[in-house]
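>>> One predicted model, sequence on top.
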Amino acid sequence: MTIHILFFGQLAEVTHVSSMQLDDIHDTDILAVTLQGRFPIMASIETLVAVNRKVIREKTELNDGDTVAILPPFSGG
Amino acid sequence: MAGDLFERYNRQTILQGWGFPAQECLQKARVLVLGAGGLGCPALQYLAAAGVGHIGIIDFDVIELSNLQRQTLYTTAEIGMKKADCAAERIIAINPEITVTSIPVRLTASNAIKLIRGYDVVLDGTDNFATRYMINDACVLLGIPLIYGAVYGYEGQVSVFNYAQDATSPVVNYRDLFPVPPDPEYVPSCNEAGVIGVLPGIIGTMQAAEALKVITGVGQVLSDSLLSYNLLTQTSYVISITPHPDRQMNCPVDVTAFERFNYDWFCHSADLSCEITADTLESLLVANDVVVIDIREAGEEPVATYLQTLKLPGSRFTPEALIDLKEKDIVIVCQTGKRSLKLCRVLRTKFPEWSIFSLSGGVLNWNLHQLSQGILK
């Protein structure tokens, strides 16, 4: 199974990509651990997470083809 | 509608779905724009041009040369002048049929409610988290729709808070997106990160569009959604927002609590020196998980009024006693604030990641503070 991940704002700067695909990530907790393992600074950034364009706050099961968007807060004006 | 007004608004009144009813709604509307900067400038010019009857502008800043690449209401000759005044003058020139109020003051927790109350819609064009949380909470308490917009790098966000599109749709606010403010170390501002002028131009214009939709009821408002826009790819991504279970966690429950809430502390944007005032301690007690440690010796009077303390007398104090408290904000108090300051400095060197403070003026000052607030009867 493959999931798509979209990175916004400084998360795209941290990962150097605006999107990536990962295999065999079965839920959002595993995704968080995987990403923080690769990019430790992500643990320090507040984020909003959406699965298939819906905000989630708890561990959510991921299925083949799902899109996970990870958004940080912006303050600039 | 008089002849010249008929002509002024002709292109939108002939628009299908807009028409004279929408125009009348605009004419009666009162919109407050907070921040007349990169987002506020484009928003103001379209709100004024469209015929919003009353526009308030709050901004205490003056125009600087580095503002002009994105804050398009201002001219080079106006450098050093107040943004709120110049913006008001410019949009009245665009549309003399409307009323514009310039409010060149700094928005604070003590004046926000008074300044915001009475407006139908508020548009957030500010540039820091402390003010954004403050505006959000004020609008939640007052029940006023808030048009949110923010930028970072080449990206922007837009949403509408405190507004229900229909009876079944959820009403959300900024604390549903981010109940906990970010650590400023990881979120650079425009001043630090840079911004291309056209980006706030686009986001501010989107905010104006949402404000016009809220006022007129035309179209689908971004009321339970967050739109993310990327200038480099010209793409937008919309996600739907639901109320956060922890949304009320740190939110002031009423106007009194709001006015006492220290937003600079909440957003970690205050100077992190060792000493805090009695006022700040009160805010911390409301907002955070705080433990107050009294290091005075047994028998030292008076008791700290309305302050729950853990008693660890200085003569027998060991830093190890704090290990279990490291997740909390630790505030050390003594009689006058001298012993606690000394200990605070030692502990900060030992535990640099912990948040440890000393209460300035000690228990004596704290009790006076309580007295001055009329809490002691």
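Perfect, I can see it now.
>>> ok, which residues in chain A are in contact with chain B?
Residues of chain A lying close to chain B (C-beta under 8 Å from any C-beta of the partner chain) are A:6, A:8-10, A:13, A:18, A:41, A:44-46, A:48, A:50, A:53-55, A:57, A:69, A:71-77. Where C-beta positions appear, they are placed from N, C-alpha and C, glycine not excepted.
>>> please redo it, this time with the cut-off set to 6 Å
Residues of chain A that fall close to chain B, judged by C-beta under 6 Å from any C-beta of the partner chain: A:8-9, A:44-46, A:48, A:50, A:53-55, A:73-77.
>>> Looking at these, which gets the smallest pLDDT?
Among the residues of chain A next to chain B, A:Ser44 carries the weakest pLDDT, at 80.
>>> and that one, what are its phi and psi?
phi -90, psi -10 (degrees, to the nearest 10).
>>> From chain A, how far out is B:Ile241?
Going from B:Ile241 to chain A by C-beta to the nearest C-beta, to the nearest Å gives 5 Å.
>>> how many other residues sit next to that residue?
21 (other C-beta atoms under 10 Å in any protein chain shown).
>>> just B:Gly153 next, same as before
Neighbours of B:Gly153 using other C-beta under 10 Å come to 22.
>>> Skipping adjacent residues, who's closest to it in space?
Spatial nearest neighbour of B:Gly153, chain neighbours left out: B:Ala193 (6.0 Å); criterion: C-beta to C-beta, 6 or more residues apart in numbering or on different chains.
>>> Please tell me the pLDDT value assigned to the one you found.
B:Ala193 is given a pLDDT of 74.
>>> Repeat that for B:Tyr186.
As predicted, B:Tyr186 sits at a pLDDT of 67.
>>> quick revisit: among the residues of chain A next to chain B, which one sits closest to B:Leu177?
The closest of the residues of chain A next to chain B to B:Leu177 turns out to be A:Leu48 (C-beta to C-beta; 5.5 Å).
>>> Could you pull up the residues touching that closest one?
Residues counted as contacts of A:Leu48 (C-beta atoms under 6 Å, 6 or more residues apart in numbering or on different chains) are A:71, B:177.
>>> run the last query once more with 10 Å
A:Leu48 makes contact with A:8, A:55-57, A:69-73, B:157, B:176-178, B:226, B:228, B:239, B:241, B:244 under the criterion C-beta atoms under 10 Å, 6 or more residues apart in numbering or on different chains.
>>> ok, which stretches of the stretch 101-250 of chain B are strands?
According to DSSP state E, counting those that start in this stretch, the stretch 101-250 of chain B carries its strands in the segments B:121-124, B:146-152, B:155-161, B:225-230, B:235-240.
>>> can you redo those strands as a markdown table with mean pLDDT and mean neighbour count?
Output for these, formatted as a markdown table (pLDDT from 0 to 100; neighbours: other C-beta atoms under 10 Å in any protein chain shown):
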| stretch | mean pLDDT | mean neighbour count |
| --- | --- | --- |
| strand B:121-124 | 98 | 27 |
| strand B:146-152 | 97 | 28 |
| strand B:155-161 | 98 | 27 |
| strand B:225-230 | 98 | 20 |
| strand B:235-240 | 97 | 15 |
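>>> okay, these in a markdown table with distance to B:Thr108 next?
As requested, those are exported to a markdown table (distance: least, C-beta to C-beta, whole Å):
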| stretch | distance to B:Thr108 |
| --- | --- |
| strand B:121-124 | 16 |
| strand B:146-152 | 18 |
| strand B:155-161 | 21 |
| strand B:225-230 | 27 |
| strand B:235-240 | 32 |
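>>> which SS state does residue 49 fall under?
You didn't pick a chain, so chain A it is. strand (DSSP: H, G, I helix; E, B strand; the rest coil).
>>> Would you mind listing the residues in contact with the closest residue to B:Tyr174 other than its chain neighbours?
Closest residue to B:Tyr174 apart from its sequence neighbours, by C-beta to C-beta, 6+ apart: B:Asn136 at 3.9 Å. Shown in contact with B:Asn136 (C-beta under 10 Å, 6+ apart): B:122, B:124, B:146, B:148, B:161-162, B:173-178, B:251.
>>> ok, which pair from those is furthest apart?
Greatest spacing in the contacts of B:Asn136, by C-beta to C-beta: B:Val122 and B:Phe178 (18.5 Å).
>>> and B:Thr131, what is it in contact with?
Counting by C-beta under 10 Å, 6+ apart, B:Thr131 has contacts A:75, A:77, B:34-35, B:106-108, B:112, B:124, B:263-264, B:267, B:269.
>>> quick revisit: inside strands: which ones of the residues of chain A next to chain B?
A:48, A:50, A:54-55 (DSSP state E).
>>> Convert whichever helix or strand B:Arg339 is part of to CSV, retaining C-alpha atoms only.
Taking DSSP states H and E as the definition, B:Arg339 sits inside helix B:338-350. What follows is helix B:338-350, C-alpha atoms only, in CSV (Å, rounded to 0.1, in the frame of the first residue of the first chain):
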residue,chain,number,x,y,z
LYS,B,338,15.7,38.3,46.1
ARG,B,339,16.3,34.8,47.3
SER,B,340,14.0,33.4,44.6
LEU,B,341,15.8,35.3,41.8
LYS,B,342,19.1,33.9,43.0
LEU,B,343,17.8,30.4,43.1
CYS,B,344,16.1,30.8,39.8
ARG,B,345,19.4,31.7,38.1
VAL,B,346,21.1,28.7,39.6
LEU,B,347,18.3,26.3,38.5
ARG,B,348,18.2,27.7,35.0
THR,B,349,21.9,26.9,34.6
LYS,B,350,21.3,23.5,35.9
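>>> ok now that helix, how far from the chain's centre?
Offset of helix B:338-350 from its chain centre (C-alpha atoms, centre = their mean, to the nearest Å): 32 Å.
>>> If we go by neighbour counts, what in that helix is buried?
Using 16 or more other C-beta atoms under 10 Å in any protein chain shown as the test for burial, helix B:338-350 gives B:339-344, B:347-348.
>>> Could you find the lowest-pLDDT member of these?
Among the buried residues of helix B:338-350, B:Arg348 has the lowest pLDDT, at 75.
>>> is it true that it touches B:Glu275?
No: when contacts are counted by C-beta atoms under 10 Å, B:Arg348 is not listed as touching B:Glu275 (11.7 Å).
>>> Identify the contacts common to those two.
Between them, B:Arg348 and B:Glu275 share these contacting residues under C-beta under 10 Å, 6+ apart: B:357-358.
>>> Helices of chain A, start to end?
With helices called from DSSP state H, chain A shows them at A:10-15, A:28-38.
>>> need those in TSV with distance to B:Gln234, can you?
Formatted as TSV, the helices of chain A follow (distance: least, C-beta to C-beta, whole Å):
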stretch	distance to B:Gln234
helix A:10-15	16
helix A:28-38	27
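>>> now the residue sitting nearest the centre point of chain A, nearest residue through space, not along the chain?
By C-alpha atoms, centre = their mean, chain A has its centre lying nearest to A:Ile70, at 4.1 Å. Closest residue in space to A:Ile70, ignoring its immediate chain neighbours: A:Thr47 at 5.1 Å, by C-beta to C-beta, 6+ apart.
>>> Good, wrapping up.
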